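# Sequence first, predicted coordinates after that:
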Amino acid sequence: MPEDVTRGAPSDLEQHAINVIRALAMDAVQQANSGHPGTPMALAPLAHVLFTRVMRYDAAAPDWLDRDRFVLSAGHASMLQYALLYLCGFGLELDDLRQFRQWGSATPGHPERGHTRGVEITTGPLGQGFANGVGMALAEAHLRERFGPEVCNHHVFAICSDGDFMEGVSHEAASLAGHLRLGRLVYVYDDNHITIDGPTELAYTDNVPQRFQSYGWHVIELGERANDLDALEAALRMGMAEDDRPTLIVLRSHIGWPSPKFTDTSDAHGNPLGADEIKVVKELLGLDPDQSFSVPDEVLAYYRTAGRRGSALRTEWEQRTGAWGRSNPERATELDACISQRGLDGWEAKLPSWPAGESIATRNASKEVLGAIFDVVPALVGGAADLTGNTGTLVKGAGIVSDASKAGRVVHFGIREHAMGAIANGMSCSALLPFVGTFFVFSDYMRPPVRLAALSQLKSAFVWTHDSVGVGEDGPTHQPIEHIASLRAMPGLCVIRPADANETAHAWRVHIDGTGPTALLLSRQNIPVLEGTAERAVDGLPRGAYVLVDEHDTSALDLVIIGTGAEVAPCVGAHDALSAEGLSVRVVSMPSWDLFERQDAEYRATVLPPGAPTLAVEAASSFGWSRYADDVIAIDRFGASAPGKVVLDEFGYSPDYVAARARALLGRADPPPSTPLHPAGP
């Protein structure tokens with residue numbers, strides 16, 4: 001086989017190889033009796049060009065930092081990616097394709113990061129991959145300006161569908177990518193005119209080229225060239241040449257081609273073609289109609305050559321960056337910390353601490369934490385959705401990411417919460433530790449990327465402030481109620497609601513030393529720094545719950561009061577009042593259910609002794625608290641507009657009301673008057 005077999009004009013072998021991709025897609029979907037064969041069939045030439053002619057990668061080292069990134073935003077076309085991952089030698093085997101969409105297989109219905117080698121990110125819902133790619137391109141531009149092109153110098157490619165473009169997140173992400181002038185971002189729009197319901201014209205008549213031109217993108221209208229390998233390569237390389245504009249290639253394809261029965265039909269979108277039609281198509285493609293999952297030796301050798309081609313580039317990069325590192329040892333250490341998404345050795349010593357008695361909102365404490373550790377956690381890059389000041393995510397002296405320079409570490413995402421979350425996930429896949437902020441109630445706008453971060457265990461920090469009815473005058477539309485409970489129900493997301501500034505510092509420590517996404521729920525209002533957190537939160541917060549105030553009589557525990565966030569302070573006040581009455585009361589700070597559930601049963605029992613009456617206090621929905629508490633002071637209605645302290649007092653978040661509910665729980669008094677629309681007592 002000649003050395004340049006993967007370059008040059010289309011050959012008979014290339015055409016045969018492309019047809020094998022089409023056959024594998026048909027066979028896998030047919031065997032699973034589930035999936036989307038039409039798009040892989042239509043876009044097999046595009047994927048072939050990307051993986052054999054254009055992209056820089058090494059299949060043997062899929063995590064090489066300076067590889068080109070490939071994002072299948074149209075994740076339903078997963079067999080297109082799986083076929084190339086197998087053929088090019090990423091580690092999938094033919095049996096994995098036979099097990100497409102089956103229990104325990106390496107080829108699930110949509111590609112998943114961390115599950116299948118070579119999959120950069122879990123795109124899943126349409127539009128996510130589009131925004132993820134913007135995050136990857138932002139990370140590439142940032143690292144290239146910060147460390148130099150000898151370290152980071154690659155491109156991001158994505159295949160997008162009409163569904164991606166209908167979803168609102170793509171509008172948000174495309175707007176920001178154009179504003180920031182993110183070059184080296186090359187997207188191909190599979191303009192096949194078909195959705196599951198039928199022709200796209202049923203609901204979609206956008207002028208896509210004009211739309212993206214208005215965003216500031218470089219648009220290439222390629223037209224009916226889906227099978228023209230040289231035209232595809234030329235368009236991709238035109239996009240790659242753009243250093244200061246993202247590129248959209250509009251490609252008119254025909255879903256299901258060349259099926260006589262299903263080309264340009266919605267049936268090819270999400271259904272197997274059927275055994276008879278597959279035979280017909282294979283005959284048209286010059287393949288044996290009686291063979292399934294057939295890959296000729298020469299085709300496999302061809303693709304494996306392409307998969308190995310990048311090994312020399314990777315070796316050259318390793319040598320180049322090795323020399324750079326020896327000349328720039330401090331910078332190399334900084335880069336290593338970015339790649340590992342960790343702080344520099346001893347970074348925790350920079351965490352600030354506050355003395356008891358001070359009063360500071362945890363959002364402002366978080367800002368101080370970020371300012372203190374930014375230099376020793378080099379991977380931190382982030383910002384907020386037009387709320388950097390309000391959320392404490394504007395770090396002084398960190399530099400702003402702009403259209404002129406990407407070397408800064410603060411990003412103004414604009415009022416684009418959904419895209420902000422998905423962009424953060426793309427950054428997290430690209431040697432950065434992103435943090436993104438907005439008001440907690442607006443976490444609803446970004447829930448899909450939060451869920452995908454949890455599913456993929458991406459180290460994205462979601463900084464959500466104004467975490468309760470303490471928001472005050474903005475009223476019910478801005479006051480989160482059910483949000484904490486809904487996020488606690490999400491597997492893989494570590495939800496932390498710190499009680500004060502000291503707990504906030506250690507919440508950041510948990511995230512940076514951890515392995516997945518973290519939700520930091522922070523107060524708008526000033527709250528006291530509590531006695532004991534400077535000492536006890538060091539070990540206590542990483543365990544999710546700990547005894548903050550001990551009972552005065554260790555031989556007899558009358559009551560445990562559990563608080564989270566700003567509500568721990570009134571719990572402490574209630575403790576003092578009840579102790580004065582001779583009751584033996586313990587106060588537990590429980591910033592994180594998730595972390596507490598990870599502890600062994602023995603530790604959990606030392607914090608919450610079985611049989612001890614327990615009262616929980618949280619300015620949010622009561623949902624879920626029955627697992628820990630006999631009674632809960634909670635809010636099971638929407639909030640109210642008034643000054644924050646007034647709202648909190650009216651809902652019962654005062655030491656007097658907590659103490660009254662505690663007496664009622666212990667049978668020492670009648671239940672106090674109920675808070676608005678909330679029953680008093682169990």
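Yep, it's here.

# shouldn't residue 484 be in contact with residue 521?
Yes. Counting by Cβ atoms under 8 Å, residue 484 does reach residue 521; the two are 6.8 Å apart. No exception for glycine: its C-beta is placed from N, CA and C like everyone else's.

# who touches both of those two?
Here residue 484 and residue 521 have 495, 497 as joint contacts, going by Cβ atoms under 8 Å, 6 or more residues apart in numbering.

# For the stretch 251-400 of the chain, just list every one of the helices.
Remark: helices assigned in the stretch 251-400 of the chain by DSSP state H, counting those that start in this stretch are 267-270, 275-284, 297-308, 311-327, 329-340, 362-373, 388-391.

# most tightly surrounded among those helices?
Across the helices of the stretch 251-400 of the chain, averaging neighbours per residue (mean count of other Cβ atoms under 10 Å) puts helix 362-373 on top, at a mean of 23.

# if I look at residue 230, how far off is residue 309?
According to Cβ to Cβ, to the nearest Å, residue 230 stands 19 Å off from residue 309.

# before we move on, what about residue 444?
Counting by Cβ to Cβ, the gap from residue 444 to residue 309 is 46 Å.

# And the two? Which one has more around it.
Neighbour totals were compared for residue 444 and residue 309, and residue 309 leads with 22 against 13 (other Cβ atoms under 10 Å).

# SS state for residue 659?
Under DSSP: H, G, I helix; E, B strand; the rest coil, residue 659 falls in the helix class.

# pLDDT below threshold where in the stretch 101-250 of the chain?
Judged against pLDDT under 70, the stretch 101-250 of the chain has no low-scoring part.

# What segments of it are helices?
In the stretch 101-250 of the chain, helices defined by DSSP H, counting those that start in this stretch lie at 128-147, 162-166, 168-180, 208-215, 229-240, listed in chain order.

# Show me the strands in the stretch 551-682 of the chain, by range?
For the stretch 551-682 of the chain, the strands defined by DSSP state E, counting those that start in this stretch occupy 559-563, 585-589, 614-617, 631-633.

# As CSV, these with mean neighbour count and distance to residue 171 would be great.
Output for the strands of the stretch 551-682 of the chain, formatted as CSV (neighbours: other Cβ atoms under 10 Å; distance: least, Cβ to Cβ, whole Å):
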stretch, mean neighbour count, distance to residue 171
strand 559-563, 26, 41
strand 585-589, 26, 42
strand 614-617, 25, 41
strand 631-633, 25, 41
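
# Could you list the domains of the chain?
As assigned by automatic domain parsing, the chain contains the domains 12-313, 347-528, 543-665.

# right, so of the strands of the stretch 551-682 of the chain, which gets closest to residue 362?
strand 585-589 (12.7 Å; Cβ to Cβ).

# who does the closest one pair up with?
Paired strands of strand 585-589, with direction, are strand 546-549 (antiparallel), strand 559-563 (parallel) (DSSP bridges).

# quick one: which of the helices of the stretch 251-400 of the chain is nearest residue 92?
helix 297-308 (11.3 Å).

# contacting residues around that closest one?
Helix 297-308 is contacted by residues 1, 5-6, 13-14, 16-17, 20, 51-52, 57-60, 84, 87-90 when judged by Cβ under 8 Å, 6+ apart.

# wait, which of the strands of the stretch 551-682 of the chain is closest to residue 397?
Proximity to residue 397, assessed across these by Cβ to Cβ, is greatest for strand 585-589 (32.9 Å).
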